[in-house]
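Engineer: Here is my input, please return the structure:
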Amino acid sequence: MRAFSIFAIPASLGAEPRALRRRMLARLGLAWLIMMQVMMLAFPAYLQGAPMTGADRGFLDEAIIFMNWLSLVLTIPVVWYCAAPVWKNAVARLSQARIGMDVPVALGIAAAFIPSVYATWAEQGEVYFESVSMFVAFLLTARYLELCARQASGTLTNDLLSRFRDTLSQRADRIALWFTMSQIALALIVGAYWALTEPTRAVAVMVAMLVISCPCALAMAVPTSIAAAQACLAIKPDLSEAEVSSLVQGTAKVARQNLYGAVIWHLLMMPLAAVGWVQPWLAAVTMLISSLAVALNAWLLFRRHAAVSCAGSSQSPHADPAI
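Structural biologist: Next up, the predicted model:
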């Protein structure tokens, strides 16, 4: 079996896509490095509920203030540099009076970072620097996987699979866009409700909902599936017409599972976040888990068809590949 990896740079990839990949990897590495530091700095805040003497309490409060300032300094490069493509794309879409997939991401980052800066300056209130850095790091992880999958699938040579990829991507993008817009509206409405009823919890709830509304898993649904199909073609480029049809059927099934599975995951998590049961950092974790689940399901498609190809057997088409 020929080795295939979506992380391997295709030989036909141009200079600009290669540079884009390097820049994204640099942002990803920096975001993860800072995230780990900020999470350690956030630890003293978790001790506020512990019983202690007055002197210890005063020392802890001073330590928390100092750690918050350090976290702010570290988080600025994450928001300014690592998340730069998010701001650029969000502004571009809004200037066109359109809601793109980066808009809820930008709102989530801003909704967590700006109140945290104010709380640090005022030396009171909750800060969410660890949630911001975690969200950006996990977001970039998912998008790096998506980029690698798109670049790998962009080298397709089979006409049937290429046409199928284009059709599937258009439908998936429409579903993801409308679903994301509805989630943004819901997050803003619920955030306004909490602001009126219990203002201290409003920011955390709205940030968690905006993070969950991030369409990372939805955006990865088709590219990872197509990349898995491309991997199957890479290990056996001389597939018969029946085998290619079978591969398209399997790819369609996995793409549907990824797309609608991600939608169901969002629908299950949003009510929990709306009632305040999901903290922003946990919302970031669930976002990464859903993205990794999409990638895993696509990898299983590759393993199944690779095993069939190596065994020299073929399957016949049996389902409509349309979403």
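
Engineer: tell me the pLDDT at the residue nearest the centre of the chain?
Structural biologist: Using CA atoms, centre = their mean, the residue of the chain that lies closest to the mean C-alpha position is Cys216, 3.5 Å off. pLDDT recorded at Cys216 is 78.

Engineer: Quick check: Leu233 vs Ala142, distance?
Structural biologist: From Leu233 across to Ala142, the span is 25 Å (CB to CB, to the nearest Å). (Each C-beta comes from the backbone N, C-alpha and C, glycine too.)

Engineer: correct me, but the residue nearest to the centre of the chain touches Ala142?
Structural biologist: Yes. Counting by CB atoms under 8 Å, Cys216 touches Ala142, with 3.8 Å between them.

Engineer: Give me the common contacts of the two.
Structural biologist: Here Cys216 and Ala142 share the contacting residues 287, 291, scored by CB atoms under 8 Å, 6 or more residues apart in numbering.

Engineer: if I pick the residue nearest to the centre of the chain, what's in contact with it?
Structural biologist: By CB under 8 Å, 6+ apart, the contact set of Cys216 is 139, 142-143, 146, 287, 290-291.

Engineer: can you do 6 Å?
Structural biologist: Neighbour list for Cys216: 142, 287, 291 [criterion: CB atoms under 6 Å, 6 or more residues apart in numbering].

Engineer: Grab the nearest non-local neighbour of Ser213.
Structural biologist: For Ser213, the nearest residue in space outside its immediate sequence neighbours is Gln183; the separation is 3.6 Å by CB to CB, 6 or more residues apart in numbering.

Engineer: element containing the one you found?
Structural biologist: Using DSSP states H and E, the element containing Gln183 is helix 159-197.

Engineer: which helices and strands sit right next to that helix?
Structural biologist: Judged by 3 or more CB pairs under 6 Å, 6 or more residues apart in numbering; DSSP states H and E, the packing partners of helix 159-197 are helix 199-212, helix 216-235, helix 241-274.

Engineer: okay, the angle between the longest one and helix 199-212?
Structural biologist: What that stands for is helix 241-274. Orientation of helix 241-274 against helix 199-212 (axes from the mean of the first three to the mean of the last three CA atoms, to 10 degrees) gives an angle of 180 degrees.

Engineer: After helix 241-274, heading C-terminal, what element do we hit next?
Structural biologist: Counting by DSSP H and E, the element after helix 241-274 in chain order, helix or strand, is helix 280-311.

Engineer: where does the stretch 201-323 of the chain dip in pLDDT?
Structural biologist: In the predicted model of the stretch 201-323 of the chain, residues 306-323 satisfy pLDDT under 70.

Engineer: likewise the stretch 1-150 of the chain?
Structural biologist: 1-5, 48-50.

Engineer: need the helices for it, in chain order.
Structural biologist: With DSSP state H, counting those that start in this stretch, the ranges of helices along the stretch 1-150 of the chain come out as 15-41, 54-77, 84-95, 102-122, 129-153.

Engineer: ok now the longest one, how far from the chain's centre?
Structural biologist: Taking CA atoms, centre = their mean, to the nearest Å, one finds the center of helix 15-41 at 14 Å from the center of the full chain.

Engineer: Apart from its chain neighbours, what residue comes closest to Thr75?
Structural biologist: Residue nearest to Thr75 in three dimensions, not counting chain neighbours: Phe129, with 4.6 Å by CB to CB, 6+ apart.

Engineer: Do I have it right that that neighbour meets Val73?
Structural biologist: No. Phe129 is beyond contact range of Val73, at 9.7 Å (criterion: CB atoms under 6 Å).

Engineer: More neighbours: which of those two?
Structural biologist: Neighbours were counted for Phe129 and for Val73 using other CB atoms under 10 Å; Phe129 has more, 30 against 12.

Engineer: From Pro77, how far off is the more buried one?
Structural biologist: To Pro77, Phe129 is 12 Å away according to CB to CB.

Engineer: circling back: let me see the contact set for the residue nearest to Thr75.
Structural biologist: Taking CB under 6 Å, 6+ apart as the definition, contacts of Phe129 comprise 38, 71, 75, 116.

Engineer: Distance of Asp173 relative to Thr167?
Structural biologist: For Asp173, the distance to Thr167 - CB to CB - is 11 Å.

Engineer: same question, Pro85
Structural biologist: Distance check for Pro85 against Thr167: by CB to CB, it reads 27 Å.

Engineer: what does Pro199 give?
Structural biologist: With distances defined as CB to CB, the gap from Pro199 to Thr167 amounts to 47 Å.

Engineer: do Val203 as well
Structural biologist: Between Val203 and Thr167 the distance, using CB to CB, works out to 41 Å.

Engineer: likewise Phe179?
Structural biologist: 19 Å.

Engineer: go on, Cys82?
Structural biologist: In this structure, Cys82 and Thr167 are 34 Å apart, going by CB to CB.

Engineer: Compare neighbour counts for the two and give me the winner.
Structural biologist: Between Cys82 and Thr167, counted using other CB under 10 Å, Cys82 has the larger neighbour count: 25 against 14.
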